[in-house]
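*Asks:* Fold the following, please.
(2 chains)
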There are 2 protein chains.
Amino acid sequence: MVKKLIGIDLGGTTTKLAFLTEKGEVLEKWAIPTDVSGNGGNIVPNIIKSINKNMENSNHVIDDFIGIGMGTPGSVNRDAGTVIGAYNLNWKTTQHIKDQIEKALGIPFFIDNDANVASLGEYWKGAGSKDSDVVFVTLGTGVGGGVITDGQLVHGINGGAGEIGHITVEPGGFMCTCGKRGCLEQYASATGVVNVAKHLSSEFTGKSRLKEIIDSGEEITSKIVFYLADNGDIFANQVVDRVCYFLGLALSNVGNTLNPGNIIIGGGVSNAGNTLLQPTTKYFQENAFRPVRDSTKIRLAQLGNDAGVMGAGALVLQSKK
Amino acid sequence: MVKKLIGIDLGGTTTKLAFLTEKGEVLEKWAIPTDVSGNGGNIVPNIIKSINKNMENSNHVIDDFIGIGMGTPGSVNRDAGTVIGAYNLNWKTTQHIKDQIEKALGIPFFIDNDANVASLGEYWKGAGSKDSDVVFVTLGTGVGGGVITDGQLVHGINGGAGEIGHITVEPGGFMCTCGKRGCLEQYASATGVVNVAKHLSSEFTGKSRLKEIIDSGEEITSKIVFYLADNGDIFANQVVDRVCYFLGLALSNVGNTLNPGNIIIGGGVSNAGNTLLQPTTKYFQENAFRPVRDSTKIRLAQLGNDAGVMGAGALVLQSKK
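*Replies:* Down below sits the predicted model:
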């Protein structure tokens, strides 16, 4: 019988789970709410219960599985299988996830941070096509990323590889939550798009629904900015162009360093599709060294919400090498 | 008997060669002039003759060697073992180096570009200490570089990995020979230092020997700028600070992407030592994400002119994996 994988994508609201084959075919896929009450002490027991229940329901046994992979927020110790500082899970102290899960289920367990795991998912079964090195950047509330060279995730000496959100794109620019200025995250995350819109608003003198909303004191979102840009709002298009300039500049620097086959853009902001992709590609190409410009492709992520569970499955295979 | 390696560092003026052990001990080291006459047709035959002669003199035979590695200028096809576009060698058409050398000597041959090979040398036996991922940047006439993750050189999909010299550090800035603007190479190579000095000169109004030289129309060099900076010239120190700002910014972007254990600065400009290293480190730290700043070290290269032959030897070991 073909050996199988379990993928877990742990999020602040929902935990997604899947049973996969070693080739990445999804056998079962489900989700449970993430119970963050009581310092998040129910999270891991709930995952264990849910896996046991779904094994029963689908006539699987422990021996069918060669490993469990998990993507998580927070700071991960991959060897120890622990997590700390995942504040949206109320995990403030060290959580011994690997110990808990291996003790309960008896299946080898592997863990990495969510951006790295999503990168691996897109590399394995999404826009990366597994054919070459891949860099993944996810534009959500913040900007995260992952780097894969020669089929392996790059972690760096202190887990800081893939921190593309903290590449300086505007020296002396907006203050970032990380304590330094001008980070990509402040320009190209969902909140970054809003920062850029508010900042440019005072200089824009023409007619714009976006500017009207900002001037009225109403809250705007990244989604509204892209929606208005798609509907011809001149100022909204200026904002999108500026956001894409910073994103394209940062990705060109990554491209000039690694020349990956694909740089993949995911996360909520990437739902803007071509409105984001086209100007970003233009600015990437303007700033990429010719051999890089001619070969590295900027692409949108393909797996959407499935990147996490797929990548978690891939993590098992990667760790088995 | 211990198997040995041959390292070749092919340069426009001199070709350096060495016999090494697998542990990187130098058994013999010598150099021959590079004869670039007649479209560089004598270069490879001269290398073959010189290796044969040194084998005789040192009582070595073909069977003592498991491989020959070479670092070369120009554009390399590693699989085919060919080079094209090495203009300082007068190699304008495709050169079948691997075929020539393997046919003449019967030892497996491996080739890569000179910046990658020097990176490997520093990783193996220099400032990299082989203990972690390494990024190498060489500040010479131009700015080159190499990236090593998990002990392996990263080439990228089109050989463009490590092109740190073409990271955009000043959007819309100095025009680069590559056709785009604001590349690090125009600010931190030997010619880049001169560019920055000339550019800033018109704004400086105080007393400075460096400004006097520039105003007199005499040529300046990177070496003169660092010499005067070391000797208290205020303007020269401003130039050095500006150069280091751009270098530190570019290296922080590389650091935020890869979080290597060491980023190693080599090449002629790095002879400036701490005068270059200290302000570069300061600007690196200002722009590096905290976990990166706390772990990635900026260091000066240690092997000097030996990085090429050492790295060429390491290339054999790397290719044998």
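
*Asks:* The helix or strand hosting residue A:70 pairs with which strands?
*Replies:* Using DSSP states H and E, the element containing residue A:70 is strand A:65-72. Sheet pairing for strand A:65-72, assigned by DSSP bridges, gives strand A:4-10 (parallel), strand A:109-113 (parallel).

*Asks:* would TSV of these with mean pLDDT and mean neighbour count be doable?
*Replies:* C-beta coordinates here come from the backbone N, C-alpha and C atoms, glycine included. Formatted as TSV, these follow (pLDDT from 0 to 100; neighbours: other Cβ atoms under 10 Å in any protein chain shown):
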stretch	mean pLDDT	mean neighbour count
strand A:4-10	97	27
strand A:109-113	97	24
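
*Asks:* and the ones you listed as CSV, adding distance to residue B:24?
*Replies:* Listed next are the strands paired with strand A:65-72 as CSV, based on distance: least, Cβ to Cβ, whole Å:
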stretch, distance to residue B:24
strand A:4-10, 41
strand A:109-113, 34
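
*Asks:* ok so, going back, which is the next helix or strand following the strand holding residue A:70?
*Replies:* Using DSSP H and E, the next helix or strand after strand A:65-72 towards the C-terminus is strand A:75-77.

*Asks:* list the buried ones in that following strand?
*Replies:* Buried residues in strand A:75-77, defined by neighbour count with 16 or more other Cβ atoms under 10 Å in any protein chain shown: residue A:76.

*Asks:* Near chain B, which residues of the stretch 201-321 of chain A? Just list them.
*Replies:* Taking Cβ under 8 Å from any Cβ of the partner chain as the criterion, the stretch 201-321 of chain A approaches chain B at residues A:249-250, A:252-261, A:286-292, A:294-296.

*Asks:* again, only this time at 6 Å
*Replies:* A:253, A:254, A:256, A:257, A:258, A:259, A:261, A:287, A:289, A:291, A:292, A:295 (Cβ under 6 Å from any Cβ of the partner chain).

*Asks:* So what's the residue count around the last one?
*Replies:* Other residues lying near residue A:295 total 18 when counted by other Cβ atoms under 10 Å in any protein chain shown.

*Asks:* Dihedrals phi and psi, the nearest residue to it once chain neighbours are set aside?
*Replies:* Nearest non-adjacent residue to residue A:295, counting by Cβ to Cβ, 6 or more residues apart in numbering or on different chains: residue B:158, 3.4 Å away. Phi and psi for residue B:158, reported as degrees, to the nearest 10, are phi -130, psi 30.

*Asks:* got it, and residue A:297?
*Replies:* Phi and psi for residue A:297, reported as degrees, to the nearest 10, are phi -100, psi 140.

*Asks:* If I look at it, what pLDDT would I see?
*Replies:* As predicted, residue A:297 sits at a pLDDT of 96.

*Asks:* Break down chain A into its strands, ranges please.
*Replies:* Per DSSP state E, chain A carries strands over the ranges A:4-10, A:14-21, A:26-33, A:65-72, A:75-77, A:82-84, A:95-96, A:109-113, A:134-139, A:143-149, A:152-153, A:262-266, A:297-300.

*Asks:* Looking at those, spot the one closest to residue B:50.
*Replies:* When those are ranked by proximity to residue B:50, the top entry is strand A:143-149, at 36.1 Å, counting by Cβ to Cβ.

*Asks:* And for that closest one, what's in contact with it?
*Replies:* With contact meaning Cβ atoms under 6 Å, 6 or more residues apart in numbering or on different chains, strand A:143-149 is reached by A:115-116, A:119, A:123, A:133-138, A:154, A:161-162, A:164-165, A:184-185, A:188-189, B:149, B:154.

*Asks:* before we move on, what about stretch A:311-321?
*Replies:* With contact meaning Cβ under 6 Å, 6+ apart, stretch A:311-321 is reached by A:5, A:7-9, A:20, A:67, A:69-71, A:110, A:112, A:117-118, A:120-121, A:124.

*Asks:* Please repeat the previous calculation with a cut-off of 7 Å.
*Replies:* Contacts to stretch A:311-321, defined as Cβ atoms under 7 Å, 6 or more residues apart in numbering or on different chains, come from residues A:5, A:7-9, A:18, A:20, A:22, A:24, A:66-71, A:110, A:112, A:117-121, A:124, A:152-153.

*Asks:* if we can go back for a sec, could you turn the buried ones of the residues of the stretch 201-321 of chain A next to chain B into a ChimeraX selection?
*Replies:* In ChimeraX syntax, the buried subset of these is picked out as below (16+ other Cβ under 10 Å):
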select /A:253,254,256,257,258,259,261,287,289,291,292,295
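
*Asks:* Most widely separated two among the residues of the stretch 201-321 of chain A next to chain B?
*Replies:* A:261 and A:287 (18.5 Å).

*Asks:* Give the burial count for residue A:208, as a bare number.
*Replies:* Neighbour count of residue A:208, defined by other Cβ under 10 Å: 20.

*Asks:* Does it touch residue A:233 like I think?
*Replies:* Yes: the pair residue A:208 / residue A:233 is scored as a contact, 5.3 Å apart, by Cβ atoms under 7 Å.

*Asks:* any chance of the residues of the stretch 201-321 of chain A next to chain B in TSV, with distance to residue A:269 too?
*Replies:* Shown next, in TSV, are those (distance: Cβ to Cβ, whole Å):
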residue	distance to residue A:269
A:253	19
A:254	17
A:256	23
A:257	23
A:258	22
A:259	25
A:261	23
A:287	20
A:289	26
A:291	29
A:292	24
A:295	25
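
*Asks:* In helices, which of the residues of the stretch 201-321 of chain A next to chain B appear?
*Replies:* With helices taken from DSSP state H, the overlap with these comprises A:253, A:254, A:256, A:257, A:258, A:287, A:291, A:292.

*Asks:* just to revisit the earlier point, what number of residues lie near the residue nearest to residue A:295?
*Replies:* Neighbours around residue B:158, by other Cβ under 10 Å: 17.
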